[in-house]
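# how would this look folded up:
(4 chains)
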Number of protein chains: 2
Amino acid sequence: MTETNVSFRALSESCKTCSLAELCLPRGLQNEEMQRLDDVIKTRCVVHSGDMLFKEGNRNRSIYAVRSGSVKTFTVMESGDEQILGFHLPGEIIGLAGLDEAIHNCSSKALETSSICELPLDELETICLQIPSLQKQLLKLISREISQDHKMLLLLAKKNSDQRVATFLLSLSGRFKLRGLSSQSFILSMSRQDIANYLGLAVETVSRILTKLSDDKVIDVTRRAIQIVNHDRLLEIADS
Amino acid sequence: MTETNVSFRALSESCKTCSLAELCLPRGLQNEEMQRLDDVIKTRCVVHSGDMLFKEGNRNRSIYAVRSGSVKTFTVMESGDEQILGFHLPGEIIGLAGLDEAIHNCSSKALETSSICELPLDELETICLQIPSLQKQLLKLISREISQDHKMLLLLAKKNSDQRVATFLLSLSGRFKLRGLSSQSFILSMSRQDIANYLGLAVETVSRILTKLSDDKVIDVTRRAIQIVNHDRLLEIADS
DNA sequence: CGGCTGCTTGAAATGAGTCAACATAGGTGG
DNA sequence: CCACCTATGTTGACTCATTTCAAGCAGCCG
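Numbers count the residues shown, from 1 in each chain, chains lettered A, B, ... in the order given. Purely as a prediction, here's the structure:
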């Protein structure tokens, strides 16, 4: 299910504070330049929970922008089980890894009904040559992805289970806030299993920690609805 | 200690198979284009074991190429202890994270006497606008960094200590081979402490596993000298 | 030749995983 | 619309891999 003629301007205005917007907004692109960007966006597709966006091994030099909803990216190990590499909210860009092989080296699946835009990289690169500030922004975006991954490496290498879950909740909270949504209360679009997988823990551990945090009045948990009651304490736990 | 006038051509020819070379070689740049690249390289500096290359928080939009020797990159946590993000061999490029803030968000320290080249990003970007293939290469390079980090996330989230150490040795082995060095026997430039830190393990665990691998005739360990005796078995252990 | 740092080894402690049972919500079909 | 069924999530008891603590060893530098 795809529609054409999605405007980059409309896209970026729908989430002014996020990666996607930054791709074109910060340097104040000219109208003509904007038009060029708009032309790049070939398709916008709507996917439903469980649908695959792209698959590891797909020959497709594109990146994708999440417009609404949320998705996860993951790789599948030889053993068959998956490792989740990230959860992606509206305005975030995915598919930045594996551009070197022109083959996606991770897969992406929708966590709920989501709207996604595809940006063919070849065309994006061409436009970057014409709009210097756009090239800069693209580099920044990718660089930020690396920084994010580094934070995750630290989490997995050094933090214990309490710290991991607390850090995870704070990360989501911060990202919701950035998008003008409540940082205090939000709905998890991913299962406990997905959270556990992402954080390198067992489902049972995640469940226990959420229960503990709830008992301690740090958060309030009702199924997938999270309310952060004591933000400071959560921060304390995350960085112990 | 810096010298000027380091040629990109010389640089890339000294390690034909690695990231640095790929930055300019694959598309067959013209001589004139090569000259532009050469001009970008401002300084080449020689650092000694323990010297800092760049520091977290430094305001410096540059990336660095390891010409000889080896370095580690790491962040320092609130608690004060460091998390090593990667070890970097000749031909590899570092400093790709944090370009978004124009501030290094990790530090880098030499593991042995090493020669490093600095590439100011602003100038590199300018040249990218003039040489389209260079822009492509730069993107590929950064993208590969992300792929590498994703492999590491998987390692930390899913692999046990045996698998981690085996994977680490195989990674080094493969990278040495890529550089025309022996993939069978090599010297570790990093301490057990650094390996443990990088792999999210305790020093003692790393030591024990190396001893066990040695007892099992999979590798031969003499202090920091490693010899891979049974490569297939090591692969088996890494992916179990 | 000390003394230092890096490495190894053993024994004990523990955090998180595994296994198993149970609870609950949401979806499906009678 | 209700009853059932399956998914997902929770909880408890036990196990085990890895860490921690402690001690000893070996190479290396001044």
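# what stretches of chain A score poorly on pLDDT?
Along chain A, the parts satisfying pLDDT under 70 run over A:1-43.
# ok, now with 90
Scanning chain A with the threshold set as pLDDT under 90 gives A:1-45, A:57-63, A:67, A:77-81, A:91, A:96-105, A:118-143, A:179, A:240.
# phi, psi for the residue most central in space within it please.
Nearest to the geometric centre of chain A sits residue A:88, at 1.9 Å (CA atoms, centre = their mean). The phi/psi pair for residue A:88 (degrees, to the nearest 10) reads phi -130, psi 130.
# quick one: residues contacting it.
Residues near residue A:88 by CB atoms under 8 Å, 6 or more residues apart in numbering or on different chains: A:66, A:70, A:71, A:72, A:73, A:94. Where you see a C-beta, it was placed from the backbone N, CA and C, and this is true even at glycine.
# closest one of these to DNA strand D?
residue A:72 (13.0 Å; CB to the nearest atom of the strand).
# the contacts of residue A:88 in strands, which ones?
Mapping those onto strands (DSSP state E) picks out A:66, A:71, A:72, A:73, A:94.
# in a markdown table, list those residues along with neighbour count.
Shown next, in a markdown table, are the ones in strands among the contacts of residue A:88 (neighbours: other CB atoms under 10 Å in any protein chain shown):
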| residue | neighbour count |
| --- | --- |
| A:66 | 26 |
| A:71 | 26 |
| A:72 | 23 |
| A:73 | 24 |
| A:94 | 23 |
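# can you redo those as JSON lines with distance to DNA strand D?
Output for the ones in strands among the contacts of residue A:88, formatted as JSON lines (distance: CB to the nearest atom of the strand, whole Å):
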{"residue": "A:66", "distance to DNA strand D": "21"}
{"residue": "A:71", "distance to DNA strand D": "16"}
{"residue": "A:72", "distance to DNA strand D": "13"}
{"residue": "A:73", "distance to DNA strand D": "18"}
{"residue": "A:94", "distance to DNA strand D": "22"}
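# name the helices or strands packed onto the host helix or strand of residue A:135?
Assigned by DSSP states H and E, residue A:135 falls within helix A:132-158. On a contact count with 3 or more CB pairs under 8 Å, 6 or more residues apart in numbering or on different chains; DSSP states H and E, helix A:132-158 meets helix A:19-22, helix A:121-130, helix A:161-178, strand B:82-88, helix B:121-130, helix B:132-158, helix B:192-199.
# which one of the ones you listed lies closest to residue A:80?
Of all the helices and strands packed on helix A:132-158, helix B:132-158 sits nearest to residue A:80, with 11.8 Å by CB to CB.
# does DNA strand C have contacts with that closest one?
No: using CB under 7 Å from any atom of the strand, helix B:132-158 stays clear of DNA strand C, coming no nearer than 9.0 Å.
# between that helix and helix A:121-130, how big is the angle?
When axes from the mean of the first three to the mean of the last three CA atoms, to 10 degrees is applied, the directions of helix B:132-158 and helix A:121-130 differ by 130 degrees.
# check the offset of helix B:132-158 from the chain's centre.
Averaging C-alpha positions (CA atoms, centre = their mean, to the nearest Å) puts helix B:132-158 12 Å from its chain's average.
# cool, and stretch A:164-177?
With CA atoms, centre = their mean, you get 12 Å for stretch A:164-177.
# just the buried residues of the helix holding residue A:135, please?
A:133-158 (16 or more other CB atoms under 10 Å in any protein chain shown).
# ok, stretch A:62-71 next?
A:62, A:63, A:64, A:65, A:66, A:67, A:69, A:70, A:71.
# please parse chain A into its domains.
Split into domains by automatic domain parsing, chain A comes to A:8-156, A:159-239.
# out of these, nearest to residue B:197?
Proximity to residue B:197, assessed across those by CB to CB, is greatest for domain A:8-156 (10.7 Å).
# CA atoms only for stretch A:53-67, dumped as CSV, please.
What follows is stretch A:53-67, C-alpha atoms only, in CSV (Å, rounded to 0.1, in the frame of the first residue of the first chain):
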residue,chain,number,x,y,z
LEU,A,53,9.6,-3.2,6.2
PHE,A,54,12.7,-4.6,4.7
LYS,A,55,14.6,-7.8,5.1
GLU,A,56,18.2,-8.6,5.9
GLY,A,57,19.9,-9.4,2.5
ASN,A,58,17.5,-7.3,0.5
ARG,A,59,19.4,-5.5,-2.3
ASN,A,60,18.1,-2.0,-1.7
ARG,A,61,20.1,1.1,-1.2
SER,A,62,17.5,3.1,0.6
ILE,A,63,17.0,4.6,4.0
TYR,A,64,13.6,4.9,5.7
ALA,A,65,11.9,7.6,7.8
VAL,A,66,9.3,6.6,10.4
ARG,A,67,6.4,9.0,10.0
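# which bits of chain A sit near DNA strand D?
A:191-193, A:203-204, A:206-208, A:210-211, A:221, A:223-224.
# buried among these? Make that a ChimeraX selection.
Command for ChimeraX, covering only those of those found buried under the criterion 16+ other CB under 10 Å:
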select /A:192,206,207,210,221
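# what residues are up against residue A:237?
A:162, A:163, A:166, A:213, A:218.
# distance of the third one relative to residue B:238?
Spelled out, that is residue A:166. Using CB to CB, to the nearest Å, we find residue A:166 at a distance of 32 Å from residue B:238.
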